[in-house]
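[1] missing the sequence, but the structure's below:
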């Protein structure tokens, strides 16, 4: 189907650049009579070597989307393809960097980073060690390699987690609000750090966030989801030049992107608001009619 | 505030000393041990006043600290047991050996049982109800059956002590597995773990903190039931020493037995804690950082 399929599997230089396609993906919870659809008919392409940011009103089903792509849950209908092949359960081809840190507290930074390749046994020991040392240096944690996660600051934990993900050479890196819970200063430093990291290798990246400015400065494509159940409301291509600088957020284009995105998000948020109100109104009506 | 200033100056002074001296200095300059000592003195003093000085009604039957301690440390004990008699150590040894076997069996069976129950839903469905039905049965109710089932003095006593501590270690281990955050399982899955990797690298280390709390309680429980069992059946042991003294209508060896039990029980539980701290460096450091 696509030329990339032939290269799939072997960790080649293009290993970080998978193509993800979501085709009419839907997912809901609960039994038929009280079914709640969370993701509804989402079709989306995450282009190889690009960073696709997904934003949406809170509680719209972003995390469910992450779970589906990661393979923690499977879609009820539709298909998710990686390089043309349907995806199964969780795999190191689609690495997730979690919302709150998910470093194993009982392993040191170093042990956490080598965890994946070590249990899979798919990397020679020496190469793995060298790679880990290189990555530790890159994320600035060489001195902290024998510390436990609890002894690291929030920003250090996120960097360690990034290193733990990257060492597996995933075809897709999934970031689920990775910088949430950090203070403003650390957050900005992390965004900048991540920007450099991405621009260096251009690994295909699905970046879920609720911060619009973060999305604009990082993304090539900005996907705006509708209110629950999540549908693709709009895809905005962000044409800011790379390498990106934070100063670009002050540019006219960035402002226009931001305004367009905020308008759509506002509309969606209003929908959920009025929906709640109408549900409430309906309930009140039902109760009062029963009373009379 | 005063405390803070002191702490800082102590830190500076301790910094110039060799390591071991600094450690001793810090030990001596901490207030904790002095409070412990004061508490002990107050407690023994109250005992002494109640029993020996004022002979308060109901307490006149209880031997006071002076009588007990002089008997305990006399080379020619009037009533048969003191730290200079072989008999004293034989009783202690008999009980400790039984506890050792009981605790080892209970841990060897209970911990894996708890781990599997936490790990596999199906296994839990099979075993949990049975455990819940057996658990409320008091250990003393098992005594007659244990004597009939097992020959000799040793095995029924060990059986009873094992039974009591088995429930505690199983349930606490199970609780430990339940306490592990879902995100660690997901992260491990993402990194390519097979079920047995998840068992060894997530379930086991994640359950350790609760498990060791459980083991500390379980060794205590083993002591309770051991003494109860020794009172009914036995020829040696601290429990037997207490009952034997009662039969002979002497109170001093009774209290000697009780005090010895207290100390030995405390010692064993400290041992378990030390082993636990050794195995959970990551947690010890975390607690140390929170100043606990």
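    Looks like it arrived, so ask away. These figures come from a predicted structure and were not determined experimentally.
[2] From here on, just use CA atoms for contacts and neighbour counts.
    Will do.
[3] Any regions of chain B where pLDDT drops low?
    Within chain B, the stretches with pLDDT under 70 are B:1-17, B:286-292.
[4] Which parts of it are helices?
    Counting by DSSP state H, one finds helices in chain B at the ranges B:2-15, B:19-29, B:32-48, B:65-72, B:86-119, B:121-134, B:139-149, B:154-178, B:182-190, B:195-198, B:204-232, B:238-247, B:252-279, B:281-289.
[5] was I right about residue B:189 contacting residue A:93?
    No: applying Cα atoms under 8 Å, one finds residue B:189 not in contact with residue A:93, separated by 11.5 Å.
[6] returning to what we had before: would you turn the helices of chain B into CSV with distance to chain A?
    Shown next, in CSV, are these (distance: least, Cα to the nearest Cα, whole Å):
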stretch, distance to chain A
helix B:2-15, 22
helix B:19-29, 22
helix B:32-48, 26
helix B:65-72, 46
helix B:86-119, 17
helix B:121-134, 18
helix B:139-149, 37
helix B:154-178, 14
helix B:182-190, 5
helix B:195-198, 7
helix B:204-232, 7
helix B:238-247, 40
helix B:252-279, 10
helix B:281-289, 5
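[7] so where do the helices sit in chain A?
    Using DSSP H, helices in chain A cover A:4-7, A:62-70, A:109-120, A:125-138, A:154-166, A:184-201, A:212-218, A:252-291.
[8] out of those helices, nearest to chain B?
    Between chain B and the helices of chain A, the shortest separation by Cα to the nearest Cα is 4.7 Å, and it involves helix A:109-120.
[9] so does the closest one get close to chain B?
    Yes: interface with chain B: helix A:109-120 contributes A:115-117, A:119-120 (Cα under 8 Å from any Cα of the partner chain).
[10] can you put the helices of chain A in TSV and add mean neighbour count, distance to residue A:18 and mean pLDDT?
    Formatted as TSV, the helices of chain A follow (neighbours: other Cα atoms under 10 Å in any protein chain shown; distance: least, Cα to Cα, whole Å; pLDDT from 0 to 100):
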stretch	mean neighbour count	distance to residue A:18	mean pLDDT
helix A:4-7	14	8	38
helix A:62-70	23	13	90
helix A:109-120	22	19	93
helix A:125-138	15	21	92
helix A:154-166	23	14	91
helix A:184-201	15	13	89
helix A:212-218	22	18	90
helix A:252-291	14	27	78
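[11] possible to save those as JSON lines with distance to residue A:51?
    Shown next, in JSON lines, are the helices of chain A (distance: least, Cα to Cα, whole Å):
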{"stretch": "helix A:4-7", "distance to residue A:51": "18"}
{"stretch": "helix A:62-70", "distance to residue A:51": "15"}
{"stretch": "helix A:109-120", "distance to residue A:51": "23"}
{"stretch": "helix A:125-138", "distance to residue A:51": "20"}
{"stretch": "helix A:154-166", "distance to residue A:51": "15"}
{"stretch": "helix A:184-201", "distance to residue A:51": "8"}
{"stretch": "helix A:212-218", "distance to residue A:51": "7"}
{"stretch": "helix A:252-291", "distance to residue A:51": "16"}
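[12] Of the ones you listed, which is nearest residue B:125?
    Of all those, it is helix A:62-70 that lies closest to residue B:125, at 27.9 Å by Cα to Cα.
[13] Contacts for the closest one, please.
    For helix A:62-70, the external contacting residues (Cα atoms under 8 Å, 6 or more residues apart in numbering or on different chains) are A:38-39, A:54-56, A:73-75, A:80, A:87, A:89-91, A:94-96, A:174, A:176, A:208, A:230, B:190.
[14] One more: stretch B:245-256?
    Taking Cα under 8 Å, 6+ apart as the rule, stretch B:245-256 contacts B:62-63, B:67-68, B:71-72, B:79-81, B:241-243.
[15] ok, of these, which come out buried?
    Among these, those classed as buried by 16 or more other Cα atoms under 10 Å in any protein chain shown are B:62-63, B:68, B:71-72, B:80-81, B:241-243.
[16] now, among those, which is nearest to residue B:233?
    For these, the nearest to residue B:233 is residue B:243 (10.4 Å; Cα to Cα).
[17] Contact partners for the closest one?
    Contacts of residue B:243 were listed using Cα under 8 Å, 6+ apart, and they are B:231, B:254.
[18] For residue A:186, list the residues it contacts.
    Contact analysis of residue A:186 by Cα under 8 Å, 6+ apart lists residue A:155.
[19] Backbone torsions only: list them for residue A:30.
    Per-residue torsions, residue A:30: phi 90, psi 170 (degrees, to the nearest 10).
[20] ok, now residue A:178?
    The phi/psi pair for residue A:178 (degrees, to the nearest 10) is phi -70, psi -20.
[21] Tell me, how many residues neighbour it?
    As a burial measure, residue A:178 scores 23 neighbours (other Cα atoms under 10 Å in any protein chain shown).
[22] how close does the spatially closest residue to it that is not a sequence neighbour get to residue A:176?
    Excluding the flanking residues, the one nearest residue A:178 by Cα to Cα, 6 or more residues apart in numbering or on different chains is residue A:99, at 4.8 Å. Separation of residue A:99 from residue A:176 (Cα to Cα, to the nearest Å): 5 Å.
[23] now do residue B:223
    50 Å.
[24] ok, which residues in the stretch 151-292 of chain A are in contact with chain B?
    A:151, A:168.
[25] Nearest to chain B: which residue in the stretch 151-292 of chain A?
    For the stretch 151-292 of chain A, Cα to the nearest Cα, closest residue to chain B: residue A:151, 7.0 Å.
[26] How many residues are close by the closest residue to residue A:219 other than its chain neighbours?
    Of all residues not flanking residue A:219 in the chain, residue A:51 sits nearest, at 5.1 Å (Cα to Cα, 6+ apart). The tally of other residues near residue A:51 (other Cα under 10 Å) stands at 25.
[27] Same check on residue B:271?
    13.
[28] One more: residue B:70?
    With other Cα under 10 Å as criterion, residue B:70 counts 12.
[29] likewise residue A:249?
    Neighbours around residue A:249, by other Cα under 10 Å: 18.
[30] Contact partners for it?
    Residue A:249 touches A:213, A:216-217, A:255, counting by Cα under 8 Å, 6+ apart.
[31] Retrieve the pLDDT associated with it.
    What the model reports as pLDDT for residue A:249 is 85.
[32] related to what we said a few turns ago, of the contacts of stretch B:245-256, which pair is most distant in space?
    Top of the distance list for the contacts of stretch B:245-256 (Cα to Cα): B:67 and B:243, 19.4 Å.
[33] From residue A:247, how far off is residue A:281?
    Distance, residue A:281 to residue A:247, by Cα to Cα: 47 Å.
[34] Okay, domains of the chain per the record?
    If you meant another chain, say so; for now it's chain A. A:16-93+A:172-291, A:104-169 (automatic domain parsing).
[35] think we crossed wires, I meant chain B
    If you go by automatic domain parsing, chain B breaks into B:2-62, B:86-289.
[36] And for residue A:183, the neighbour number?
    Residues lying near residue A:183 (other Cα under 10 Å) number 11.
[37] Dihedrals phi and psi, it?
    phi -70, psi 160.
[38] ditto for residue B:234
    Residue torsions, per degrees, to the nearest 10, at residue B:234 are phi 160, psi 160.
[39] and residue A:134, how far is that from residue B:104?
    Taken as Cα to Cα, the span from residue A:134 to residue B:104 is 45 Å.
[40] Out of the contacts of residue A:249, give me the two with the largest separation.
    Spatial extent of the contacts of residue A:249 (Cα to Cα) is set by the pair A:217 and A:255 at 11.0 Å.
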